[in-house]
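*Asks:* Following is a predicted model, sequence given first.
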Amino acid sequence: MWKDQGRRNLIEETRHQHFAGEDYRLLRDTGIAVAREGIPWPMVDLGSGFDFSAIDPMIEAMNEAQVLPVWDLCHYGYPERLDPFSEEFVPACANYCREAARYVTNRVKGPHFLTPINEITFFSFCGGEWGWVAPYGKSREDRFRFRLSLCKAAIAGVKAIREVDPEARMIHIDPLVQVVAPVDRPDLAAAAWEETYVDTFLAWDILYGKKHPELGGSPDILDIVGANNYSFGQMEYRESGPHEALLPGDDRIKPLCDLLQVVYERYRRPMIIGETSGMGAGRKDWLRDVMEESLAAITRGIDLHGICLFPAVDMPDWHTGEWLHNGICDLVPEEGLRRVPDQSYVEELHRWQRELNRVTRLDSDPFSDPVELQEVIDAAHRLQKKKQIKNWH
């Protein structure tokens with residue numbers, strides 16, 4: 001529920017449900033065998049029951065393309081009848097997660113991966129302090145209350161999903177964040193540190209059981225950590241409103257490898273980069289940097305299993321509506337939003353697939369010869385040696 005536009009449906013705005021077959025063929029043709037896919041909770045929950053037919057086109061398309069989904073069950077939206085601060089919210093979310101899991105596990109070949117609530121920390125800012133989305137909170141206290149409610153709902157959601165499939169794996173997504181004090185405001189250094197090393201991790205801490213253990217968090221609830229990496233995740237502290245993103249070249253920017261290490265050492269859980277992308281002409285260079293940093297993380301012993309490029313097709317800026325040009329495909333406003341791959345981005349993707357001994361187009365049975373993490377570890381060490389030799393010369 002967007003602040004001044006009411007209910008928004010990004011699946012409709014990008015026409016994904018109408019182009020589902022083409023969108024999943026795009027993934028197949030670019031060698032991508034796993035994709036995050038969203039279920040719109042407010043639009044499938046009728047109050048008196050559930051109607052999941054809205055996701056049938058995506059299920060049909062992914063089954064045909066043989067792409068394995070990671071189901072995103074709540075992505076910044078919940079039904080209007082629910083108040084996240086009421087006693088009804090958590091059981092309602094758990095019931096939805098249970099029924100969503102039942103629907104998809106019966107229709108899509110496993111293994112099954114799900115995210116009960118996407119980006120709890122960021123969602124709590126958007127809905128609890130900045131007033132961008134429902135419940136439109138405008139204070140730090142509102143943000144903390146909203147985050148706690150979302151954590152309770154996510155824990156209940158995990159348990160409900162595992163009633164349906166005890167082997168289901170959970171991926172809990174939140175952004176990588178580094179906040180620094182303005183150069184002329186050293187008095188804000190403590191607040192910036194608190195946000196970087198305490199606030200950023202609270203939701204994951206609760207899901208893991210490090211904080212508020214009475215809520216039922218545990219390492220197997222947190223399960224897999226999905227860390228999102230964007231340039232605007234490294235910021236300069238502001239006392240009110242969103243912080244200011246650090247500009248490229250700022251010497252306060254930390255390497256992605258270091259940010260991943262902080263997360264891994266805190267939880268020692270398997271990890272993926274849950275979202276990442278550059279913008280416009282910078283997509284190719286961004287992917288190269290992320291790959292190099294991720295492989296460096298692997299050489300440090302970080303249990304990193306994958307990188308999710310977000311989005312597959314372009315998306316509109318939430319505030320201006322302008323297309324961001326951050327996807328594998330741009331969307332051209334003709335023929336109902338024609339998909340046009342960004343060739344330099346695709347070529348860079350293929351280069352890394354070849355480096356890691358991956359296919360650049362899925363074969364008839366994409367999961368007949370699964371990639372072992374050891375292959376990626378070996379490639380990371382091989383490429384690290386090549387880089388060292390190059391630098392030495």
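*Replies:* That came through fine.

*Asks:* Give me the contacts around stretch 337-344.
*Replies:* 14-15, 19, 22-23, 26, 30, 281, 283-284, 313, 325, 327-332 (Cβ atoms under 8 Å, 6 or more residues apart in numbering). To be clear about C-beta, it is placed using only N, CA and C from the backbone, and glycine gets the same treatment.

*Asks:* which of those residues are buried?
*Replies:* Among the contacts of stretch 337-344, the ones that count as buried by 16 or more other Cβ atoms under 10 Å are 14-15, 19, 23, 26, 30, 283-284, 313, 325, 327-331.

*Asks:* Report how many residues lie close to Glu335.
*Replies:* Counted with other Cβ atoms under 10 Å, the neighbours of Glu335 add up to 8.

*Asks:* which residues touch Val177?
*Replies:* Contacts here follow Cβ under 8 Å, 6+ apart; on that basis Val177 touches 121, 195-196, 200, 233-235.

*Asks:* quick one on the thing from earlier: quick one: which of the buried ones among the contacts of stretch 337-344 sit in strands?
*Replies:* Judged by DSSP state E, the subset of the buried ones among the contacts of stretch 337-344 located in strands is 329-331.

*Asks:* which SS class is Trp71?
*Replies:* strand (DSSP: H, G, I helix; E, B strand; the rest coil).

*Asks:* thought it was touching Thr105?
*Replies:* No - between Trp71 and Thr105 there is no contact under Cβ atoms under 8 Å: 9.4 Å.

*Asks:* more neighbours, those two?
*Replies:* Set Trp71 next to Thr105 and count neighbours by other Cβ under 10 Å: Trp71 wins out with 25 against 19.

*Asks:* Show me where the stretch 251-393 of the chain dips below the pLDDT cut-off.
*Replies:* 387-393 (pLDDT under 70).

*Asks:* residue boundaries of the helices in it?
*Replies:* Secondary structure of the stretch 251-393 of the chain (DSSP state H, counting those that start in this stretch): helices located at 256-267, 283-299, 343-355, 373-392.

*Asks:* Quick check: which of these is nearest to Phe113?
*Replies:* helix 373-392 (16.0 Å; Cβ to Cβ).

*Asks:* Distance from the chain centre to that closest one, please.
*Replies:* Averaging C-alpha positions (Cα atoms, centre = their mean, to the nearest Å) puts helix 373-392 27 Å from its chain's average.

*Asks:* what about the nearest residue to Pro116 once chain neighbours are set aside, how many neighbours?
*Replies:* The spatial neighbour of Pro116 that comes closest, neighbours along the chain excluded (Cβ to Cβ, 6 or more residues apart in numbering), is Gly157 at 3.3 Å. Residue crowding around Gly157 was assessed by other Cβ under 10 Å; the count is 28.

*Asks:* Check which residues of the host helix or strand of Gly157 are buried.
*Replies:* Gly157 is part of helix 140-164 when elements are defined by DSSP states H and E. Of the residues in helix 140-164, 142-158, 160-162, 164 count as buried by neighbour count, 16+ other Cβ under 10 Å.

*Asks:* What of stretch 316-325?
*Replies:* Neighbour-count burial for stretch 316-325, counted by 16+ other Cβ under 10 Å, picks out 318, 323-325.

*Asks:* cool, stretch 261-272 as well?
*Replies:* Buried, per 16+ other Cβ under 10 Å, within stretch 261-272: 261-264, 267, 269-272.

*Asks:* For the residues you listed, give me JSON lines that also has distance to Ala181.
*Replies:* As requested, those are arranged in JSON lines below (distance: Cβ to Cβ, whole Å):
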{"residue": "Gln261", "distance to Ala181": "22"}
{"residue": "Val262", "distance to Ala181": "18"}
{"residue": "Val263", "distance to Ala181": "22"}
{"residue": "Tyr264", "distance to Ala181": "26"}
{"residue": "Tyr267", "distance to Ala181": "27"}
{"residue": "Arg269", "distance to Ala181": "30"}
{"residue": "Pro270", "distance to Ala181": "33"}
{"residue": "Met271", "distance to Ala181": "28"}
{"residue": "Ile272", "distance to Ala181": "31"}
